[in-house]
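> just need the structure, nothing else, for what follows:
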Amino acid sequence: MTRYLRKVPTLESSSNILNLIDSTLSSTKVTPASLAVGGAYKRILDMAVSGAAIVLLSPILATVAIGIKLCDGGPIFFMHQRIGFGGQPFPCLKFRTMSVDAEARLEEYLLANPQTAEEWNATQKLKKDPRLTAIGGSLRRSSIDELPQLINVLRGDMSLVGPRPVVADEMARYGRDVSYYLSARPGLTGAWQVSGRNDVSYAERVRLDVEYCATWSPIKDVLIMLRTIPVLFSGRGSY
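The predicted structure is shown next:
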């Protein structure tokens, strides 16, 4: 187990997040491929599969891009900073599913709906999201909005399979187990996605990520990728 895990400082409180990331980055002396969960084998597979997928899915990618542009004329892609392997921030790519004034809409909606605000604080997601564009809901339910992350995989920001990419503020939820998250590249899919997605509590999501990082194997990656296909078609737990 220990050969897959980076030794990073434990997280005692949310105020230590930035110190944790800084110390992790400053202590990195070798290439990520030799340290991340799965090592060079996993990285080679990531590059081969993501490169082929981008070529094969290019007609779908182009069609979705045109549809998004026709909705409101706004940007095609949405980039949000997430925390990757070893605490390295990276721009996580998605097809834009929200309106160009999404933040203002969300703030207004949460103020008018206190119960929904509780849902947002607990999960950072909404079952009925007022920010979605005309095709945004369909893109999310099918997870097509996440296809641009194949570019992140090809670049080395992410892996095909791994923990769900999180923002810096979410790392506090991992507590002492944050070292497991930092030991791997975040995944395009993972144990959480094939276990119910948004129907799964955050604590269970952390447990699944920790178990994946601690017990990684090539077979586990293949099984998760195979299980991802029916989950995408079912739309289970997606919103």
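> for the spatially most central residue of the chain, give its distance to Ala191.
In the chain, the centroid-proximal residue (Cα atoms, centre = their mean) is Pro165; its distance is 3.1 Å. Going from Pro165 to Ala191 by Cβ to Cβ, to the nearest Å gives 14 Å. C-beta: built from backbone N, CA, C; applies to glycine.
> what's the nearest residue to Lys117 if we skip its chain neighbours?
In this structure residue 117 is Ala, not Lys. Leu110 (4.4 Å; Cβ to Cβ, 6 or more residues apart in numbering).
> for the one you found, grab phi and psi.
Phi and psi for Leu110, reported as degrees, to the nearest 10, are phi -70, psi -40.
> could you report the neighbour count for it?
Neighbour count of Leu110, defined by other Cβ atoms under 10 Å: 18.
> let me know the pLDDT of it.
As predicted, Leu110 sits at a pLDDT of 84.
> same question for Ser34.
Looking at Ser34, its pLDDT reads 57.
> same question for Pro59.
Note on Pro59: pLDDT of 95.
> could you check the distance from it over to Gln193?
24 Å.
> neighbour count for those two, which is higher?
Set Pro59 next to Gln193 and count neighbours by other Cβ under 10 Å: Gln193 wins out with 26 against 8.
> what's near enough to touch that one?
Listed by Cβ atoms under 8 Å, 6 or more residues apart in numbering, the contact set of Gln193 reads 164, 228, 231.
> centre of the chain to the helix or strand hosting Leu160, how far?
Per DSSP states H and E: Leu160 is located in strand 159-161. Taking Cα atoms, centre = their mean, to the nearest Å, one finds strand 159-161 lying 10 Å from the centre of the chain it belongs to.
> moving C-terminal of it, what's the next helix or strand?
Toward the C-terminus, strand 159-161 is succeeded by helix 178-182 as the next helix or strand (DSSP H and E).
> after that following helix, which helix or strand is next?
Counting by DSSP H and E, what follows helix 178-182 is strand 187-189.
> in contact with Glu170, which residues?
Glu170 neighbours (Cβ under 8 Å, 6+ apart): Gln124.
> quick one: pLDDT of the nearest residue to the residue nearest to the centre of the chain once chain neighbours are set aside?
Computed as Cβ to Cβ, 6+ apart, the closest residue to Pro165 that is not its neighbour in sequence is Pro186, at 3.5 Å. pLDDT for Pro186: 96.
> Pro186 reaches Ser159, doesn't it?
Yes - the pair Pro186 and Ser159 passes the contact test of Cβ atoms under 8 Å, sitting 7.1 Å apart.
> hmm, which helix or strand of this structure has the shakiest average pLDDT?
helix 17-27 (a mean of 49; mean pLDDT, DSSP states H and E).
> strands of the chain, start to end?
Listed in chain order, the strands of the chain (DSSP state E) span residues 77-83, 89-95, 159-161, 187-189.
> burial of Pro230, as a residue count?
Every residue meeting other Cβ under 10 Å relative to Pro230 is counted, giving 10.
> how near is Ala62 to Met158?
According to Cβ to Cβ, Ala62 and Met158 sit 22 Å apart.
> more crowded one of those two?
With neighbours defined as other Cβ under 10 Å, Ala62 and Met158 compare such that Met158 has more, 28 against 10.
> what sits against the more buried one?
Contacts of Met158 (Cβ under 8 Å, 6+ apart): 46, 84, 90, 92, 149, 152, 165, 185-188.
> before we move on, what about Thr133?
Neighbour list for Thr133: 68, 71-72, 96-99 [criterion: Cβ under 8 Å, 6+ apart].
> ok, so of those, who is nearest Val222?
Thr97 (29.2 Å; Cβ to Cβ).
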